[in-house]
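Q: what shape does this take:
(one chain, ligands or ions: 2)
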Amino acid sequence: MSIPVSTDLVGPDEEDAPGAPATTQVDHARIEAAVREILAAIGEDPERDGLRDTPARVARAYAEVFSGLSQDPAEVLGTTFDVEHEEMILVRDIELHSTCEHHLVPFHGAAHIAYIPGADGRVVGLSKLARLVDVFARRPQVQERLTTQVAEALVEHLDPAGVLVVVEAEHLCMSMRGVRRPGARTITSAVRGQLRNPATRAEAMSLVMGRTS
Ligand SMILES: Nc1nc2c(ncn2[C@@H]2O[C@H](COP(=O)(O)OP(=O)(O)OP(=O)(O)O)[C@@H](O)[C@H]2O)c(=O)[nH]1
Ligand SMILES: [Zn+2]
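A: Ligands and ions are numbered 1, 2, ... in the order given. Down below sits the predicted model:
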């Protein structure tokens, strides 16, 4: 994929408010021009009061929503530590927002991640699992790929004995348009290593499904 060069390219942190998520390198001017064109194409007046700043707002929003394109999972998982824990670690209900690559509308839901540390006993900080989800969610996505990418990144960078990733989400492309079925939830999973073992997998799934929320 080639990223167009423009004087309006804004890199990470340059225009972000303190504490805001880093934004990706996107061509703001090009997004603004495209949004103006879409507004005109749907019969709107891009110059009317409420819409005049919309192209710039959309460019800033896209920079944030697609910031995962310029983030490296290796960095997120770069800090690990050893603890004496050989059993499964599971973080569930990691809220996620992503963008369906077919319609460029959101899908949102939760990820649940379980892993068993590898022979070297390394674990990651719990927050890094949520950051890892964001690295892949903040891209044009399909849910299956998002699920697989999170699992594969953990396998590659943490070398665990086993991994289970479950993602459940509602796709607005199925709710607000098209087939119009609000409330339908899609569940995907990716399982690697010892978590493929039926008993271990069943234990992880019961922990995921037994959530109270
Ligand atoms: N497998 C999968 N499909 C998805 C995902 N997000 C959206 N879709 C589907 O992608 C399909 C795209 O189908 P198309 O027929 O090319 O597009 P469309 O005419 O807009 O389809 P409708 O949504 O049925 O109106 C739709 O069935 C969507 O529900 C996803 O994460 N995974
Ligand atoms: Zn869609």
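
Q: tell me which element Thr188 falls in.
A: strand 186-193 (DSSP states H and E).

Q: need the contact partners of that strand.
A: The set of residues external to strand 186-193 that reach it, using CB atoms under 8 Å, 6 or more residues apart in numbering, is 107, 116, 143-144, 146-148, 150-152, 154-155, 160-171, 201. To be clear about C-beta, it is placed using only N, CA and C from the backbone, and glycine gets the same treatment.

Q: now stretch 135-145
A: Contacts for stretch 135-145 (CB under 8 Å, 6+ apart): 21, 24, 64-69, 71-73, 76, 96-102, 104, 107, 146, 149-150, 153, 167, 169, 171, 186, 188.

Q: near ligand 2, list only the ones from those residues.
A: The residues of the contacts of stretch 135-145 that also fall near ligand 2, by CB under 5 Å from the ion, are 100, 102.

Q: need the contact list for the closest residue to Leu90 other than its chain neighbours.
A: Distances taken as CB to CB, 6 or more residues apart in numbering put Ala114 closest to Leu90, at 4.0 Å, once the chain neighbours are dropped. Residues near Ala114 by CB under 8 Å, 6+ apart: 88-91, 162-165, 195, 204, 207-208.

Q: and if you look at Phe107?
A: 97-100, 141, 143, 169-173, 186.

Q: can you add secondary structure and give these back as CSV?
A: As requested, the contacts of Phe107 are exported to CSV (DSSP: H, G, I helix; E, B strand; the rest coil):
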residue, secondary structure
His97, strand
Ser98, strand
Thr99, strand
Cys100, strand
Gln141, strand
Gln143, helix
Ala169, strand
Glu170, strand
His171, strand
Leu172, helix
Cys173, helix
Thr186, strand
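
Q: is Tyr184 in contact with Glu168, as I believe?
A: Wrong residue type there; residue 184 is Ala, not Tyr. No - using CB atoms under 8 Å as the test, Ala184 is too far from Glu168 to be in contact (10.9 Å).

Q: which one's more surrounded, these two?
A: Remark: of Ala184 and Glu168, Glu168 carries more neighbours, 19 against 11, as counted by other CB atoms under 10 Å.

Q: how near is the residue of the chain most remote from its centre to ligand 2?
A: Within the chain, the residue lying farthest from the chain centre (CA atoms, centre = their mean) is Arg48, at 34.1 Å. Here Arg48 is placed at a distance of 29 Å from ligand 2 (CB to the ion, to the nearest Å).
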